[in-house]
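Peer 1: following is a predicted model, sequence given first.
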Amino acid sequence: MAGERDALDFSSRVVLVTGGTAGVGKGIALRFAAHGARVVVCGRRRPEAELGPGIEAVECDVRQSEAVDALVAEIMQRHGRIDVAVNNAGGGPPADSASASPRFTESVIRLNLLAAIWVAQAVHPVMTNQEEGGSIINIASLSALRPSPGTLAYAAAKAGLLAVTQTLAMEWAPSIRVNAVSPGPVHTEKSHLFYGNDDGLARVGATIPMGRLAEPDDVGDACLYLASPLAAYISGANLVVHGGGERPPYLGAAAE
C-alpha cells in the first residue's frame, strides 16, 4: 500500500492541462493538484476566480501553434520542467453533416486534433531531455469509437487523436509515454446543454451500467493513473471511462 501511495505522489512534478479552467479539464487539474503537482492550466480566457492551491492559469489559444510554443516556453521559464501534458482542450457544437461550413469543420478539427499535435510537439524536446522523460495524455471521446450523428468533424478529430496517440507512443518511446482517455457522458456545468434539466440527466444516467454520468474526478483519476509509475509499461493505450458502456439500441427494441 505504501508503494501505491508513493506512485501517486506528484509533489515534484509539473503538469500542463489544456482547457483546464472548467469542466473535465478543471477536474483533471484539481486531481493532480490534490496529489501535490504544480499544475498549469490554459484557456482562451483567464478564469475569474482562483481554481485552487497549486494551480496556475495562463491565457493561451491552443488553436494557434505559435501560442502553444509560447505557453511551453513560459512554463519552462517558471518551473524548468514539464512532466505531464494533458491535451484536454476540445469540444464542438452539434452541426448537420451535410451543411456544416468548411470554416466550422476546420475550426473543430483545429481545436480537437491539431492543437493536441502542437502541444505534443512543443513538449517533446522538454520531456526527452528530462531524466524521467514524460507522459502525454490525450482526452479523446466515445465519439471516436462509434457513430456520432451531428458531430462529424468532432468525431473525426477524436478518431485522429487516437491515431496520434498510437503513432507517438511508438515513435517517442521509451522516454515519453503517450496514452488516451476516452470518456463517456460527463456531468459538468454545461451538461444541461446536451441532456436538459436534472430529470434529463437522471434519465441519461439510468442508461449507463454504473447508474450515473461520469464526474470530472473520474476522468482525472484515470489521468493520474496513466501519468504515474503504476502505468510505467503502458503506452499507446486508450483507457475508456464510460461506466460500463452504452446499451445497444436493439435490446430496448426487442423488449417492446
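Peer 2: Thanks, I have it.

Peer 1: all helices of the stretch 101-250 of the chain, in order?
Peer 2: 102-109, 115-128, 152-172, 192-195, 198-206, 216-227, 249-255 (DSSP state H, counting those that start in this stretch).

Peer 1: out of those helices, flag the one nearest residue 146.
Peer 2: helix 152-172 (8.8 Å; C-beta to C-beta). Every C-beta, even on glycine, is put in place using the N, C-alpha and C of the backbone.

Peer 1: what are the contacting residues of that closest one?
Peer 2: 87, 90-92, 95, 97, 100, 104-105, 108-109, 111-113, 116-117, 120, 124, 128, 136, 138, 140-141, 143-145, 148, 176-180, 182, 235-238 (C-beta atoms under 8 Å, 6 or more residues apart in numbering).

Peer 1: kindly report the same for stretch 88-97.
Peer 2: Outside stretch 88-97, the residues touching it (C-beta under 8 Å, 6+ apart) are 17-20, 24-25, 28, 42-43, 62, 104, 107-108, 111-112, 115-116, 139, 141, 149-154, 157-158.

Peer 1: check stretch 19-33 too.
Peer 2: 10, 15, 17-18, 39, 41-43, 45-47, 51-55, 57, 62, 84, 86, 88-91, 139, 183, 186, 188-190, 215-217, 219-221, 223-224, 227.

Peer 1: could you do stretch 244-253 as well?
Peer 2: Counting by C-beta under 8 Å, 6+ apart, 142, 146, 184, 207-210 sit against stretch 244-253.

Peer 1: wait, what's in contact with residue 78?
Peer 2: Contacts of residue 78 (C-beta under 8 Å, 6+ apart): 40, 56.

Peer 1: pLDDT at it, what is it?
Peer 2: Per-residue confidence (pLDDT) for residue 78: 96.
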